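Participant: From the sequence below, what's the structure:
(chains A, B and C)
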Amino acid sequence: MTPQEIRQSVLEALSDVAPEADPATIRTDLSLRDQLDIDSMDSLNFLIAVHEQLQVDIPEADWARLQTIDELVEYLGPRTGG
Amino acid sequence: MADFVMPSLGADMSAGTLAAWLKQPGDAVKRGDIVAVVHTDKADVEVEVFTSGVIERMLVEPGTEVPVGTPLAVILEEGAAAPAAPVAPTPAAAPPAAAPPVAAPFVPGPGVPAEHRLLISPSARQLAHELGLEVDALTGSGPGGRIQRRDVEAAAAEREAAPQEAAAPAPPAPPAAAPPAAAPAAPLTPAAERSAAMRRAIAASMSRSKREIPHFYLAQTIDLSRALAWLGQENLRRPVTERLLHGALLIKAVALALREVPELNATWEGDEVVRRDDVNVGVAIALRGGGLVAPALHHTDELTLEELMHSFRDLVSRARAGSLRSSEMSEPTITVTSLGERGVESVFGVIFPPQVAIVGFGTLVERPWITEGQILPCPVVNASLSADHRVTDGHRASAFLAAVDRLLQEPEEL
Amino acid sequence: MSTIKLTYREAVRAALRHALATDPRVFLMGEDVGGYGGAFAVSLGLLDEFGPERVRNAPLSESGFVGAGIGASLGGMRPIVEVMTINFSLLALDQVVNNAATLRYMSGGQLSVPLVVRMATGGGRQMAAQHEHSLEAWYAHIPGIKALAPATVEDARGMLLAALQEQDPVFIFEHALLYPLEGEIDDEPRAVDIAHAAVRREGSDVTVVTYGGSLGKCLAAAELLEQEHGLAAEVIDLRTLRPLDTDTVLASLAKTHRVVIVDEGWKTGGLAGEISAQIMEQGFDLLDWPVQRVCGVEVPMPYAKHLEEAALPSAERVVAAVREMAF
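Facilitator: Next up is the predicted model:
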C-alpha cells in the first residue's frame, strides 16, 4: 500500500473514535494524543480498526512509542506489504 | 393488561420525552425487548419492556414529555382476553384544500394530488397562515407526522432564533433516534439545548448528593507491578480485538471486593439502606463534547475479564452514540471513575444517589517503592473510596480498599 | 337574599309546589305520583297539599296519559306529565313525535301544545338492559320540541319553571342518580335561562362538553387532570340538548383547540356525534385534534355492577381520552 492509502485508512480509523474531529485539521507531525481527546478505550478501538482495515496488529509496547500519524504511517508501511 | 410506563432513569428524573417508538400496535413483545427510545436530560436511552404480550395501543406520541410513571402503551399480557376497549378515533387527514372559516380572510390553496397530502390540523394551518409560514416546510409531531399548533409555534420561534445557530458549539454525537422537531421555543440549537439540559441534570444530582450524603474519604496506593506484568503477557498472546485494558482489572477487582464488603453494594431508599444482591458496577464515561454518564455493567463480579472488556467497550460506544438502555441507567449499585488518562493522581468523587459509594482511580505512575528493604521504581495507582457515612464507617471502608489491593496482587484470579 | 340547602329531588318538588300554588292551570299527572309520592319520591306530600284534581295518578299506559296530557294542553291547561323513566317513554313516542311535536305545524299555527314532560333517565343503578337507557338523543332529534337536562340543584328547580313558560312541548331529563345531589340555592324559586350552556369549570388546555348525570364525572376528571397531569380542563354543561348552545362550546374551543364530548348514551348516532358535527362545521379551523367522544359502551346495559361501571363513562375514561390527545 502507498503511504497515502495508509494515511487515509489511519484517518478513517481515527474518525471513528473521534467523530467530532475534522480530518483536514489534524496535523500528521504532531502528537495525536495532544490534538485529540482519546483515552485508552479510544486507543484500543483505534488499534482494532487499524487491524481490521490493514490487518496489522500493533503491540502495546510499539503503540506507546508512536506519537504522530507520520510515525504511524512509517511503522505500518513495511507491515502492510507495500 | 399491563401498562408500559415512563421509567425513572435516574434518581433525579421526574419526566422524560418519548423520542420514538420502536414497535407498533399489534407487535408481540417479550420481557426485555426494547420498545422505545426515551430522551432524558442526560442521554437518549433505549427502554425495555418488562411484560411479555402484544402491544395493544400506544398512549403517547413521540415528542411528548410526560412525568415518570405515565402509561405510554397498553400491553395485552399473554393469556389475557382482549377487553372491549373503546376504539381510538383514527386521526382524519386534513384535506389539502381547507374550507375557509367564516371570519378569517384565508384563501384555500389549490387541490393537491393524494400522494402529496400534507397532514396538518385545521387550527395549525390557520396559525401558519397568520404567522406567514409555509406549511410544506413544517415538520409535524402529531400522529402520522400531522402538524399541530405547537409545531407551527416552534417553527415560528426557530425562525426568530435562526441568526444564533452560527454560534452554537460543535454538537456531541447524534442520538440514535432523532426526536421530531417539537422543541419548545428557545434561543439555543437543539444540540446546545441538550448539552445545557445535561449540565442542569448533573448539577442537580451532584448538589443533592453533597447536600444529603455525609461523604467520607479513604485512599490507598496500590502496587500494580504484578498486575501490569501479567497484563502485558496476556495482551502479547491475545489478538488486538481481545486485548484487555488495565481498567478492566480495576473494575473486576472492585466488583469482587464488594462481595467481601457488601454494605457498599447498596442503595439508599428514602430513609434506609437496601443491600443489593447483584453487583452492577457503574462506569463513569465522559461523553465527547462534554457531559458524563455512568451506566452499569450488569453482574460485574460474575463476568470473565474478556466478557467484562467486551461489555465495557460496547457500553462506551453506546454511551457516546446515545443509545444506552434504561436498565443500564437505573441499576448501578456502585460507580467507578477513573481520571488516570488525565494525569491526576487521586480522584475523590461525588457519590451518585441512590448509591452509597464511589471508587476513584488516578493515573498509573512510577513511584519509588520499598520492597524487601530496597527502593525500586514501581508502577502504582492511587485508589480512593468516597463512602456514605450513614451506611458504613472507616473500618469497613478500609477493608474494602484492602480487598481491592489484595485482589490486584493476584491478577490471574480476576 | 337568603339561601336554602336542598337536594335535587327537593328542588324539583319545590318547583312543582311553586307551579301548583301559583298557576291554577298546572297539574301533575303520572304513575304513582299521588299517594305513593312518585317512583323517585319527587311528588311526596303534594297530593295532601293540592288534592287529587291537581296531583293525578295515571294508569299503566304511557301512550294513554301522555296523550291525555297533550289533549289537556290543547284545551288550555298546563300539564306536567311525569313518565317514570325514559325507558317507558318509548311507549309514548308516537304521541310525542306525531302529536305533541307536530300539531302546531300541522295546524298552521292554530294549535299549541304547551306540555311539559319530566322523566328520570340514565344508568348506574343496576336496573339492567331495559331500565337504564339514555335516549335523550332521540328527543333532541325532533323538531318542534325543547329538550333540557338539568345537572345541578338550581337547574332542577329553575328549568321546570322555565319550561312552564314555553308554548311548545318541553322534555326534561332528570338523571336518576342526581336526585340525592345536595346544593345550596336561593330560597326564592325562579325560572332559569334555558337557551345557554354553562361553563362549570374554567381551563385552557382542553374543553370537556357534557350534560346531566355525566357532569359530576367530568368535574372529577378535570380535578384529576389538574392534580396528576397538570392539565387545565374547561368543563361545559350543555344544559339544553335541543336547541344546542354551540356558541359556548366554540368560544371554549377557541381557547383550547381540543375537545372531548362525554355522553352517557351510546356513541353510534348519539348526541356526541351531533355536537361533533356542529363543531366541525362551525369551528373547523379551531381544531388542533379530532373531536374525541367518551360515550356509553355499545352494549345493552349489563346488570353486574363491575360490568355496568365499565359500560358507563367514568372520570378515568375521560382522563384517558384527554391524555390521548397528545399533550
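
Participant: Tell me if residue B:220 really is in a strand.
Facilitator: Yes. Using DSSP: H, G, I helix; E, B strand; the rest coil, the assignment for residue B:220 is a strand.

Participant: what about the helices in chain A?
Facilitator: Counting by DSSP state H, the segments of chain A that form helices are A:3-17, A:32-35, A:40-54, A:60-65, A:69-79.

Participant: does residue C:212 really touch residue C:123, like I thought?
Facilitator: No. Counting by C-beta atoms under 8 Å, residue C:212 sits too far from residue C:123 to count as a contact (11.5 Å). Where C-beta positions appear, they are placed from N, C-alpha and C, glycine not excepted.

Participant: The two: which is more packed in?
Facilitator: residue C:212 (27 against 24; other C-beta atoms under 10 Å in any protein chain shown).

Participant: Which secondary structure elements does the host helix or strand of residue C:254 sit against?
Facilitator: Residue C:254 belongs to helix C:246-256 when assigned by DSSP states H and E. Judged by 3 or more C-beta pairs under 8 Å, 6 or more residues apart in numbering or on different chains; DSSP states H and E, the packing partners of helix C:246-256 are strand C:198-201, strand C:206-210, strand C:233-237, strand C:259-266, helix C:271-283.

Participant: That helix: how far from the chain's middle?
Facilitator: 21 Å (C-alpha atoms, centre = their mean, to the nearest Å).

Participant: Check stretch B:362-373 too.
Facilitator: With C-alpha atoms, centre = their mean, you get 37 Å for stretch B:362-373.

Participant: most packed of the helices of chain A?
Facilitator: For these, the largest average neighbour count (mean count of other C-beta atoms under 10 Å in any protein chain shown) is found in helix A:40-54, namely a mean of 19.

Participant: Tell me who's in contact with the most centrally placed residue in chain A.
Facilitator: In chain A, the centroid-proximal residue (C-alpha atoms, centre = their mean) is residue A:10; its distance is 4.3 Å. When contacts are counted by C-beta atoms under 8 Å, 6 or more residues apart in numbering or on different chains, residue A:10 touches A:50, A:69, A:72-73, A:76.

Participant: and of those residues, the nearest to chain B?
Facilitator: Of all the contacts of residue A:10, chain B sits closest to residue A:50, with 8.2 Å by C-beta to the nearest C-beta.

Participant: and residue B:345, what is it in contact with?
Facilitator: Residue B:345 sits in contact with B:362-363, B:365, B:382, where contact means C-beta under 8 Å, 6+ apart.

Participant: any idea whether it is helix, strand or coil?
Facilitator: coil.

Participant: ok, now residue C:108?
Facilitator: Residue C:108 ends up coil, using three-state DSSP.

Participant: Inside strands: which ones of the contacts of residue B:345?
Facilitator: B:365, B:382 (DSSP state E).

Participant: rewinding a little: got a list of contacts for the helix holding residue C:254?
Facilitator: Contacts of helix C:246-256 (C-beta under 8 Å, 6+ apart): C:196-199, C:203-207, C:209, C:234, C:236, C:259, C:275, C:278-279, C:282-283, C:286-287.
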